[in-house]
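[1] structure, please.
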Amino acid sequence: MEILNKNMTKSIDRPIKVLQFGEGNFLRAFADHMIDVANEAGVFNGNIVIVKPIAYGSLDAFRRQDCQYTLSLRGKENGETKVVNRVVTSVSKAVAAIEDYEEYAAYAESETLRFILSNTTEAGIVYDASDSLKGTPPGTFPGKLTKFLHERYRFFNGDSTKGLVMIPCELIENNGGTLKECVLRYAALWKLEADFLTWVNDACIFCSTLVDRIVTGYPGDEADEICRSLGYEDALLDTGEIFGLWVIESDRDISEEFPLHKAGLPVIFTDNQKPYRERKVRILNGAHTSFALASYLAGNDYVLQSMQDADVREFMVKTIFDEIIPTLTLPKDELLSFADSVIDRFENSYIKHALLSISLNSVSKWKSRCLPSFREYVKKFGSLPLHLTFSLAALMSFYRSGEPADHALIGRRGEENYKIMDDDFILEFFRENSKLSTRELVENYLSNTAFFGEDMSQYKSLADMVTLYMETIEKSGMREAMKRVNNHSV
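    So this is what the prediction gives:
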């Protein structure tokens, strides 16, 4: 079969508007795909140059395929299973910041460049005082960006119309603000001109983003079959779920310059992304955290199995619709629509999401994902949310072990062993407390402010309820306990 290339795709040579730090699967299945759709719809008209920011990795496949690749989005949408294939042609070129430094640096002089995209992992937006302006390029991503912006500022003599819009997609809160802070610190460290700082502040825009799409990447065992069906070879084949959401927060409106929403894409421009982040964390992530450990102890191994399990599904639905959504501030129809999409995503047969993977660091996950809904429910209704309370009991039942392993504890599900993975101080707590009575364990856990940032034992009847749930789990098993909670009969 022929290798996918520009002769096959008949790609259009558009102005380079986007420089993208990161060549990985996520951005190609998310931002690059959306830009491609916007180009086709006639609302953007700009292409991308991908930058490999680190020494690791190779661009050979990009060069061999002229940066053309196929994206296969697979999953459920409005209850219907779909597979949507698209050849993405929005990437014009791929360069290596280190090996092709001069070529990479020359893009600072581009008349048409306007946007910087990035996904350099959660550890990518970092300040390192040992980084140097003399580096070709500097070592850190913010260091690279600072030098790139400085060279652009100098080439265009501080022209305020040549500032850039930074749209980082790293999975940290306030990613744009954190990136800008790093750039300003490097400018101070390297003693760059005061006028450059003014240009960064006035001519450049640093957006903060919320990105949401599960990207499963190169499909491994399925790749040969998929390529045969497509009729060409594609070493850059990428896969992900159909659902996508891109919330872009900025203090200056960029929606007319980056009008992806006009192509019908799920992009929201706002000056406050907090309600959308809260919605995602509390509905999507909160649901995962609330049912995953209970589902595992009830005999399931994957999210999809959990959704096919009537008891777990009922538990999850009641948690979301009865206890989480009533505590959120966005319009109810938006929350219900998002919740329906979450259920579709959990039912995606193309994604094999292991419950034990979700179980990692569950103590801190419960604090960030479930506690806010728990707290707001109690405040609003004056009573305990039964399913979120049960999720605490399920977490403690899952973690209850005094058997240490290497940076883990060993739990048991029937005749099977599983690893309990969390911070050492949390594992040490359970190792020391698991042999206490259930009541003592619950009281010690709820009163440990390191786990919650507050003393949870102060919530009226919470210790009684969690103890009752744990004792029911111990006596009757997780499934029977879950059924009783669903029926309000514990």
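[2] use CA for all of it now, contacts and neighbours both
    OK.
[3] how many neighbours does residue 34 have?
    24 (other C-alpha atoms under 10 Å).
[4] gap between it and residue 248?
    14 Å (C-alpha to C-alpha, to the nearest Å).
[5] please apply the same query to residue 143.
    Distance from residue 143 to residue 248, by C-alpha to C-alpha: 23 Å.
[6] which one of these two has more residues nearby?
    Shown here are residue 143 and residue 248; by other C-alpha under 10 Å, residue 143 has more neighbours (27 against 24).
[7] wait, doesn't residue 448 sit right on residue 455?
    Yes: with contact defined as C-alpha atoms under 8 Å, residue 448 counts as touching residue 455 (6.3 Å).
[8] would you mark the buried spots in stretch 242-262?
    242-250, 254-255, 258-262 (16 or more other C-alpha atoms under 10 Å).
[9] quick one: average pLDDT of that stretch?
    For stretch 242-262, mean pLDDT rounds to 97.
[10] was I right about residue 162 contacting residue 203?
    Yes: between residue 162 and residue 203 there is a contact under C-alpha under 8 Å: 7.2 Å.
[11] how about the strands of the stretch 151-300 of the chain, start to end?
    Counting by DSSP state E, counting those that start in this stretch, the stretch 151-300 of the chain has strands at residues 165-168, 205-206, 208-212, 238-240, 245-249, 267-270.
[12] residue 162 and residue 203 - which one has more neighbours?
    Using other C-alpha under 10 Å, the more surrounded residue of residue 162 and residue 203 is residue 162, with 23 against 18.
[13] report pLDDT for the more buried one.
    98.
[14] and residue 221, by the same measure?
    pLDDT, residue 221: 89.
[15] same check on residue 352?
    For residue 352, pLDDT reads 89.
[16] you'd agree it is up against residue 305?
    No: with contact defined as C-alpha under 8 Å, residue 352 does not count as touching residue 305 (9.5 Å).
[17] these two: which has the busier surroundings?
    Neighbour count, other C-alpha under 10 Å: between residue 352 and residue 305, residue 305 has more, with 22 against 14.
[18] and residue 388, how many neighbours?
    28.
[19] part of a helix, is it?
    Yes: using DSSP: H, G, I helix; E, B strand; the rest coil, the assignment for residue 388 is a helix.
[20] and it, how far from residue 355?
    18 Å.
[21] again, but for residue 113
    43 Å.
[22] show the contacting residues for residue 281.
    Residue 281 makes contact with residue 369, according to C-alpha atoms under 8 Å, 6 or more residues apart in numbering.
[23] just the pLDDT at it, thanks.
    Note for residue 281: predicted pLDDT of 95.
[24] check residue 239 too.
    97.
[25] what do you get for residue 450?
    Residue 450 is given a pLDDT of 95.
[26] low-confidence ranges, the chain, go.
    The chain contains no residues with pLDDT under 70.
[27] what's the neighbour count on residue 423?
    Neighbour count for residue 423, taken as other C-alpha under 10 Å: 14.
[28] grab the nearest non-local neighbour of it.
    residue 361 (7.0 Å; C-alpha to C-alpha, 6 or more residues apart in numbering).
[29] redo the strands of the stretch 151-300 of the chain as a markdown table? Include distance to residue 314.
    Shown next, in a markdown table, are the strands of the stretch 151-300 of the chain (distance: least, C-alpha to C-alpha, whole Å):
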| stretch | distance to residue 314 |
| --- | --- |
| strand 165-168 | 37 |
| strand 205-206 | 42 |
| strand 208-212 | 25 |
| strand 238-240 | 27 |
| strand 245-249 | 26 |
| strand 267-270 | 31 |
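[30] what about residue 404, neighbour count?
    Neighbours around residue 404, by other C-alpha under 10 Å: 16.
[31] residue contacts, it?
    410, 431.
[32] residue 330: which element?
    In this structure, residue 330 sits in neither a helix nor a strand according to DSSP states H and E.
[33] tell me, how many neighbours does it end up with?
    Counted with other C-alpha under 10 Å, residue 330 comes out at 13.
[34] tally of neighbours for residue 231?
    Residue 231: 13 surrounding residues under other C-alpha under 10 Å.
[35] and it, what is it in contact with?
    1, 2 are the contacts of residue 231 under C-alpha under 8 Å, 6+ apart.
[36] I figured residue 51 was touching residue 97, is that so?
    Yes: between residue 51 and residue 97 there is a contact under C-alpha under 8 Å: 6.1 Å.
[37] intersection of neighbour lists for the two?
    Common neighbours of residue 51 and residue 97 (C-alpha under 8 Å, 6+ apart) are residue 104.
[38] number of nearby residues for residue 159?
    13.
[39] show me what contacts the residue nearest to it when sequence neighbours are not counted?
    Once flanking residues are discounted, residue 159 sits nearest to residue 153: 7.1 Å by C-alpha to C-alpha, 6+ apart. The neighbours of residue 153, taking C-alpha under 8 Å, 6+ apart as the test, are 159, 162, 163, 196, 199.
[40] will you turn those residues into a markdown table that also has distance to residue 477?
    Shown next, in a markdown table, are these (distance: C-alpha to C-alpha, whole Å):
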| residue | distance to residue 477 |
| --- | --- |
| 159 | 69 |
| 162 | 64 |
| 163 | 61 |
| 196 | 65 |
| 199 | 63 |
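[41] identify those among those residues that sit within helices.
    Applying DSSP state H to the contacts of residue 153, the entries found in helices are 196, 199.
[42] between the contacts of residue 153, which is closest to residue 118?
    Taking C-alpha to C-alpha as the measure, residue 118 sits nearest to residue 163 out of the contacts of residue 153, at 16.8 Å.
[43] pretty sure the closest one is touching residue 113, no?
    No: counting by C-alpha under 8 Å, residue 163 does not reach residue 113; the two are 9.2 Å apart.
[44] ok, back up a step: farthest-apart pair in the contacts of residue 153, please.
    Taking C-alpha to C-alpha, no two of the contacts of residue 153 sit farther apart than 162 and 196, at 12.4 Å.
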